[in-house]
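> quick one: sequence plus predicted model below, questions after.
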Amino acid sequence: MLLASAVLACSVPVLATAELGPRRAATPAATAAAAASAAAAASAATVDGVARVIVKYRSGSALMRNTIAAVGRGGAATAARPLQAQALGQRLGLALTDGRVLGERTQALRGRGLSSAQLAERLSAQADVEWAVVDARVRIQAGGLGTVVPSDPLYPGGLVSTTPAVGQWYLRAPGATAVSAINAVGAWSTTTGSSSITVAVIDTGVRFEHPDLAGKLWPGYDFVANNGNSADGDGRDADASDPGDWAAAGVCGSTEPAEDSSWHGTQVAGLIGAASDNGIGMASVGRNVMVLPVRVLGKCGGFADDIQAAMRWAGGLSSNPVTNPHPAKVINLSLGSTGACSTGYRDVIAELNAAGVSVVVAAGNETGRAVGEPANCAGAIAVAGLRHAGSKVGYSNLGPEVAVAAPAGNCVNLSGACLYPLLTTLNTGLTSPGANTYSDSFSSSLGTSFAAPLVAGTVGLMLSVDPTLTPAQVKAALQASARAFPAQTDLTVPACHAPTNTAQSECYCSTSTCGAGMLDAGAAVARIQAALAVPTAAISASTLSPTLGDSVALSAAASVATTGRTITGYQWAITSGGSLASLVGATDGVAATLATSAAGAVVVQLTVTDNTGASRSTTAALTVAAAPVVVTPTSSGGGGGGALDGSWFLGLALAVTALAAARPRSARHLQAGR
């Protein structure tokens with residue numbers, strides 16, 4: 001089924017879908033049904049008659065001052081938390097209840113008697129409130145899973161006993177047919193991932209017992225608070241397993257069809273970090289990276305407050321409800337809704353980026369319409385979907401917010417076996433869990449939901465090489481290493497254009513519509529490795545303690561390039577003490593000369609550059625000593641006995657005077673004194 005998400009009327013939370021695409025091209029009937037479903041959802045009431053809003057209070061506002069004052073008067077510990085439902089309810093004449101605390105000044109609020117959008121609007125008008133937004137629901141689409149066929153090892157092409165015959169085509173090096181393949185094999189020659197890197201999958205949870213996920217999952221957490229859509233009936237707890245997200249017809253909306261369980265989080269987790277080289281099933285992009293499952297989606301989807309709380313917890317920003325012992329360096333969000341980036345998602349992504357956490361988000365599956373939230377938020381790495389041939393797959397959204405594009409799965413044919421799906425871990429259960437298996441040509445994994453984890457897994461490999469990378473550096477490297485989109489060769493397929501309200505199916509990508517290019521995991525990892533593979537700069541000096549007036553011979557002969565490279569450039573400079581010394585002669589050779597002109601400390605810098613342009617600098621500190629003071633004695637006169645100089649006579653006179661002063665007085669003088 002082709003999913004047509006839309007911004008709904010302000011009387012309801014914004015419904016959303018996980019970015020799972022259609023298994024087959026949409027028929028006119030399917031498109032009409034999707035449009036009717038979206039229209040019906042737009043007129044639906046607030047979920048269960050409860051208005052759901054996320055609110056952030058202004059720093060220094062009256063409400064926050066009262067909270068601080070209560071703590072100062074010895075109030076309960078909970079008084080320090082921004083739980084303001086009672087105060088705001090009395091002020092507005094509304095029945096409000098406190099929801100979850102999301103931050104120092106942020107909380108979820110619930111109300112009755114008005115819609116979520118109306119409550120957000122009224123709260124936003126309050127002087128104490130920095131912002132208030134609808135606690136939006138997000139959902140996934142099951143994707144029309146059919147009969148699941150158990151698989152043998154799936155990585156190589158030319159498969160006979162399993163489908164598709166091309167195996168895990170999307171992980172191999174690109175070729176004439178699989179143009180958009182991500183070249184993960186190229187990255188694996190450098191790294192197969194590190195278990196010290198954790199990628200969080202914020203989704204429906206996982207099936208922990210899948211044999212290809214054994215030993216690859218941290219325990220995680222279940223953040224689904226609403227028992228109505230939790231499907232496990234126990235609210236938030238430490239069990240991140242997926243109980244199934246099936247729903248009977250009409251449960252998620254009066255016109256919503258029945259949905260089988262999707263096992264969506266299990267599929268995403270497998271693409272990122274399924275066990276590899278274990279003789280069974282599939283290979284994953286991240287190979288040895290660890291996966292942290294965090295459950296936020298259940299029956300009929302999930303809500304923004306659960307998702308945002310889970311994001312903060314997964315990234316190690318929050319210890320509510322418990323401390324996360326395995327904070328993630330990468331967060332994958334294969335979910336979303338339509339509309340602009342809300343302040344709630346904006347703030348949490350900014351916090352995560354500041355903490356060094358990269359956030360990878362699926363662009364959405366609204367058939368070439370604008371990228372929705374949270375993929376369109378600043379700081380997110382939005383991922384569009386490609387066909388095997390490198391053109392935009394019909395269902396994928398597009399726009400300037402997209403950072404990079406990756407395979408999302410496509411069938412080519414309209415009937416029979418799907419030719420180019422993505423293969424990943426799966427479960428056979430239509431409602432509750434069944435047997436563990438893998439997706440294939442008849443139970444196909446298609447959608448930007450599955451393009452995003454290819455990027456997230458690649459980021460895991462990049463961080464395995466250099467864990468100090470910032471989110472901005474990660475995004476820049478992904479974009480700089482991306483391969484160019486293929487040129488338009490089929491005139492029946494148009495070029496992609498800026499998104500509008502009109503559907504835009506398969507099209508030829510540009511950098512303004514589908515990101516910087518096609519994901520190349522091998523090139524991305526190589527770029528990070530190259531940044532670390534810099535030459536070694538070394539300075540030797542004839543002395544580090546010259547005397548004023550000395551010249552010091554400097555040499556860079558001990559500098560070396562990394563294997564396979566040569567040093568092609570040298571540059572000498574004085575970085576401190578330039579008034580005390582100078583470089584004489586050439587400053588761009590392997591040797592240089594330092595001339596000293598005054599006493600003090602001098603720092604010399606050497607920069608060496610190799611044939612790839614990589615460079616490194618080093619310094620040497622020298623201390624220039626003042627020239628010693630030399631006293632020259634006066635020469636003696638001629639003759640056998642020698643002549644006496646004036647100083648000798650002066651010394652003799654002083655001695656005589658002292659002797660006279662020391663003689664005893666006469667008796668006469670003494671008697672006169674009696």
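Nice, I can see it. Numbering: from 1, shown residues only.
> if I look at Cys509, how far off is Val289?
Spatial separation of Cys509 from Val289 under the definition CB to CB, to the nearest Å is 28 Å. The C-beta positions use only the backbone N, C-alpha and C, and glycine is treated the same way.
> which stretches of the stretch 351-500 of the chain have low pLDDT?
Low-confidence regions of the stretch 351-500 of the chain, defined here as pLDDT under 70, do not occur.
> before we move on, the earlier item: and Cys509 and Val289? which has more neighbours close in?
Looking at Cys509 and Val289 with other CB atoms under 10 Å, you find the greater number of neighbours at Val289, namely 29 against 26.
> quick one, what contacts that one?
By CB atoms under 8 Å, 6 or more residues apart in numbering, the residues touching Val289 are 193-195, 197-199, 272-273, 457, 460-461, 464.
> how about Arg172?
Shown in contact with Arg172 (CB under 8 Å, 6+ apart): 157, 178, 181, 183-185.
> so Ala187 sits right up against Arg527, yeah?
No - with contact defined as CB atoms under 8 Å, Ala187 and Arg527 do not form a contacting pair (10.6 Å).
> tabulate the contacts of Arg172 (a markdown table), appending distance to Phe442.
Conversion of the contacts of Arg172 to a markdown table gives the following (distance: CB to CB, whole Å):
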| residue | distance to Phe442 |
| --- | --- |
| Gly157 | 18 |
| Ala178 | 20 |
| Ala181 | 22 |
| Asn183 | 28 |
| Ala184 | 25 |
| Val185 | 27 |
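> columns neighbour count on top of the residues you listed, output as CSV?
Supplementary listing: the contacts of Arg172 in CSV, determined by neighbours: other CB atoms under 10 Å:
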residue, neighbour count
Gly157, 14
Ala178, 20
Ala181, 27
Asn183, 24
Ala184, 27
Val185, 15
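> any idea which of those is closest to Gly89?
Of all the contacts of Arg172, the one with the least separation from Gly89 (CB to CB) is Ala184, at 53.5 Å.
> my guess is the closest one contacts Asp520, does it?
No - distance between Ala184 and Asp520: 9.4 Å, which falls outside the contact criterion (CB under 8 Å).
> the contacts of Val289, buried ones only, as a ChimeraX selection?
Paste this into ChimeraX to select the buried members of the contacts of Val289, with burial taken from 16 or more other CB atoms under 10 Å:
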select :193,194,197,198,199,272,273,457,460,461,464
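> just the ones of the contacts of Val289 in helices?
Using DSSP state H, the subset of these located in helices is 272-273, 457, 460-461, 464.
> hey, where'd the helices end up in the stretch 1-150 of the chain?
Along the stretch 1-150 of the chain, the stretches classed as helices by DSSP state H, counting those that start in this stretch are 28-42, 62-72, 85-92, 116-124.
> tell me the contacts of the closest residue to Asn436 other than its chain neighbours?
Spatially, and ignoring its direct neighbours in sequence, Asn436 is nearest to His210 (4.4 Å; CB to CB, 6 or more residues apart in numbering). His210 sits next to 266, 270, 425, 427, 436 when contact means CB under 8 Å, 6+ apart.
> switch the cut-off to 10 Å
Each residue near His210 by CB atoms under 10 Å, 6 or more residues apart in numbering is listed here: 216-217, 263, 266, 269-270, 274-275, 281, 425-427, 433, 435-438.
> same question, Met282
When contacts are counted by CB under 10 Å, 6+ apart, Met282 is found next to 151, 153-155, 167-168, 171, 212, 270-271, 274-276, 422-425, 438-439.
> tell me which element it is part of?
Of the helices and strands defined by DSSP states H and E, none includes Met282.
> measure it to Leu271 for me?
Distance, Met282 to Leu271, by CB to CB: 9 Å.
> equivalent analysis for Lys329, please.
From Lys329 across to Leu271, the span is 17 Å (CB to CB).
> for the closest residue to Thr566 other than its chain neighbours, which residues are in contact?
Here the nearest residue to Thr566 in space, its sequence neighbours aside, is Asn611; by CB to CB, 6+ apart that works out to 5.2 Å. Asn611 makes contact with 535, 561, 564-569, according to CB under 10 Å, 6+ apart.
> domains in the protein, by residue range?
Per automatic domain parsing, the structural domains of the chain span 49-136, 162-244+263-482, 540-624.
> rewinding a little: could the contacts of Val289 go into JSON lines alongside distance to Ala362?
What follows is these, written out as JSON lines (distance: CB to CB, whole Å):
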{"residue": "Gly193", "distance to Ala362": "22"}
{"residue": "Ser194", "distance to Ala362": "25"}
{"residue": "Ser195", "distance to Ala362": "26"}
{"residue": "Ile197", "distance to Ala362": "21"}
{"residue": "Thr198", "distance to Ala362": "20"}
{"residue": "Val199", "distance to Ala362": "15"}
{"residue": "Ile272", "distance to Ala362": "13"}
{"residue": "Gly273", "distance to Ala362": "17"}
{"residue": "Gly457", "distance to Ala362": "14"}
{"residue": "Gly460", "distance to Ala362": "17"}
{"residue": "Leu461", "distance to Ala362": "19"}
{"residue": "Ser464", "distance to Ala362": "23"}
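> the nearest residue to Leu114 once chain neighbours are set aside pairs with what?
Computed as CB to CB, 6+ apart, the closest residue to Leu114 that is not its neighbour in sequence is Ala51, at 5.7 Å. With DSSP bridges as the criterion, Ala51 is bridged to Gly111.
> so where's the chain shaky on pLDDT?
For the chain, the stretches with pLDDT under 70 are 1-48, 68-80, 139-152, 631-674.
> what touches both of Met282 and Leu271?
Residues touching both Met282 and Leu271 (CB under 10 Å, 6+ apart): 168, 171, 422-425.
> top of those by number of neighbours, please.
For the shared contacts of Met282 and Leu271, neighbours tallied by other CB under 10 Å; top is Leu423, 33 neighbours.
> contacts only, for that residue.
Listed by CB under 10 Å, 6+ apart, the contact set of Leu423 reads 151, 154-155, 159, 162-164, 166-171, 267, 270-271, 274, 281-283, 409, 438-441, 444-445, 450.
> okay, and which of those residues map to helices?
267, 270-271, 450.
> hmm, back to that, please identify which of Lys329 and Leu271 sits among more neighbours.
Set side by side, Lys329 and Leu271 give different neighbour counts by other CB under 10 Å, the larger being at Leu271 (31 against 25).
> wait, that one touches Ala456, no?
Yes - with contact taken as CB atoms under 10 Å, Leu271 and Ala456 are classed as touching, separated by 8.4 Å.
> between those two, what contacts are shared?
201, 285-286, 332, 334.
> among those, which two are most distant?
Maximum pairwise distance among the shared contacts of Leu271 and Ala456 (CB to CB): 15.0 Å, between Gly286 and Ser334.
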